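Trainee: This is a predicted model, with the sequence first.
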Amino acid sequence: MRSRLLLIIPAYNEADNIERVVESLRTEYPQYDYVVVNDGSKDRTAEICRERGYRLISLPVNLGLAGAFQTGMKYAAKYGYEYAMQYDGDGQHDPKYIAAMLDLAVKEQCDIVIGSRFVTERKPWSARMLGSRVIATCIAVTTGRRIKDPTSGMRLFNRRMIELLANQVNYGPEPDTVAYLLRKGAVVKESQAFMRERVAGESYLRFGTSIKYMIRMCASILIVQWFR
Amino acid sequence: MSPVLRVMLIVASVATGFYIRRKLRKSQMQIADVLFWILFAVVLIFMSVFPEAVSWFTELLGVVSPVNFVFLVVIFLLIVRCFSLSVKVSSLEAKLDKLVEEFAVSKTEE
């Protein structure tokens, strides 16, 4: 039987992580369906998934996180999942917080639930969190809503959002999409989740690119908002 | 800079703004690509509204007349854009080739 929720696991060069991440889901949380989206990895990510029999969509070219995630959303839309969740392939996300997020989404009829690091915890004043603060401020200025952890990659979407994100351009899994949807009246809530440090491999966001990422997000939220 | 040129720049920028808005609403353009054109229009408007700033830069760089400086800025921005587009086209071509090849191979029966 199919579960209500699909975990979308975009994976780019995650050969060192993917087995650990998916095995923990399969053995400890078999109630959730998952799909690995291999984003044209150059390493053995796809082979490992095939050998182990994981559910896999393998993209022949690298599309970037947005394209890989959208592929997963298309899959969720096609097979009629009620909820879909962005779940990192590097082991940063802890599956034990999924249940609370799903509960919140069902109970409060949320469009988006963010697995947030800072609902009950305080945000540290580190360089890394400075970017998060800046983006949160941009969102607050344009939407009037405080999102405590806009850069969290752990987001759950309901059926309405799945249909939208699966087919539209400019709906990447990024804070600017959350900001835009907020302005459009989407119900966005946050649920506390703690995250682990990535164990191996490289993130989509490296330090050099994270400054660029922050500027792009702010420009998108502050400037492009008014044109959409 | 003549008032006519300044008005022309502003009109062109505002028209660009409206055109971008239409393209975005019809989902025909990506946000990353839109940003450049918005900034481009903003630069043109800035130069039209503050000709003193243009004159200041003109003297600083030893350019003959302010209008030449305006052209210089426009050409510079367009060359940068042209280069980044060239890079993008190359990577798109490579991706398309790979896609077609993979598709053809996967369709071939043994």
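Mentor: Good, I have the coordinates. Computed from a prediction, not measured in an experiment: that's the story for all the values here.
Trainee: For A:Val35, which non-adjacent residue is spatially closest?
Mentor: Distances taken as C-beta to C-beta, 6 or more residues apart in numbering or on different chains place A:Arg55 nearest to A:Val35, at 4.9 Å, with adjacent residues excluded. Quick note: C-beta positions are derived from backbone N, CA and C, even for glycine.
Trainee: And A:Tyr171, how far from A:Tyr180?
Mentor: As judged by C-beta to C-beta, to the nearest Å, A:Tyr171 and A:Tyr180 stand 8 Å apart.
Trainee: Can you tell me which residue sits nearest the middle of chain B?
Mentor: The residue lying closest to the centre of chain B (C-alpha atoms, centre = their mean) is B:Trp37, at 4.7 Å.
Trainee: pretty sure that one contacts B:Phe18?
Mentor: No - between B:Trp37 and B:Phe18 there is no contact under C-beta atoms under 8 Å: 11.6 Å.
Trainee: where does the chain dip in pLDDT?
Mentor: Going with chain A. Applying pLDDT under 70 to chain A flags residues A:1, A:198-206.
Trainee: right idea, wrong chain: chain B
Mentor: Applying pLDDT under 70 to chain B picks out residues B:110.
Trainee: So is stretch A:150-165 next to chain B?
Mentor: No - Stretch A:150-165 lies out of reach of chain B by C-beta under 8 Å from any C-beta of the partner chain, never closer than 11.3 Å.
Trainee: count of residues packed around A:Gly153?
Mentor: Neighbourhood size, A:Gly153 [other C-beta atoms under 10 Å in any protein chain shown]: 22.
Trainee: show me the contacts for it.
Mentor: A:Gly153 makes contacts with A:86, A:88, A:92-93, A:173, as judged by C-beta atoms under 8 Å, 6 or more residues apart in numbering or on different chains.
Trainee: Determine which two of those are furthest apart.
Mentor: Greatest spacing in the contacts of A:Gly153, by C-beta to C-beta: A:Gln92 and A:Pro173 (14.4 Å).
Trainee: can you map out the helices along the chain?
Mentor: Picking chain A for this. Secondary structure of chain A, counting by DSSP state H: helices at A:18-28, A:45-52, A:65-78, A:98-107, A:127-143, A:159-167, A:175-183, A:207-222.
Trainee: that answer is for a different chain, and I need it for chain B
Mentor: Along chain B, counting by DSSP H, helices occupy B:3-25, B:31-49, B:51-61, B:66-107.
Trainee: Please identify the most buried of these.
Mentor: Of all the helices of chain B, helix B:31-49 carries the top mean neighbour count, a mean of 17, counting by mean count of other C-beta atoms under 10 Å in any protein chain shown.
Trainee: near chain A, anything from it?
Mentor: Yes - under the criterion of C-beta under 8 Å from any C-beta, helix B:31-49 makes contact with chain A via B:31-32, B:34-35, B:38.
Trainee: counting contacts, what elements does that helix pack onto?
Mentor: If contacts are counted by 3 or more C-beta pairs under 8 Å, 6 or more residues apart in numbering or on different chains; DSSP states H and E, helix B:31-49 sits against helix A:207-222, helix B:3-25, helix B:51-61, helix B:66-107.
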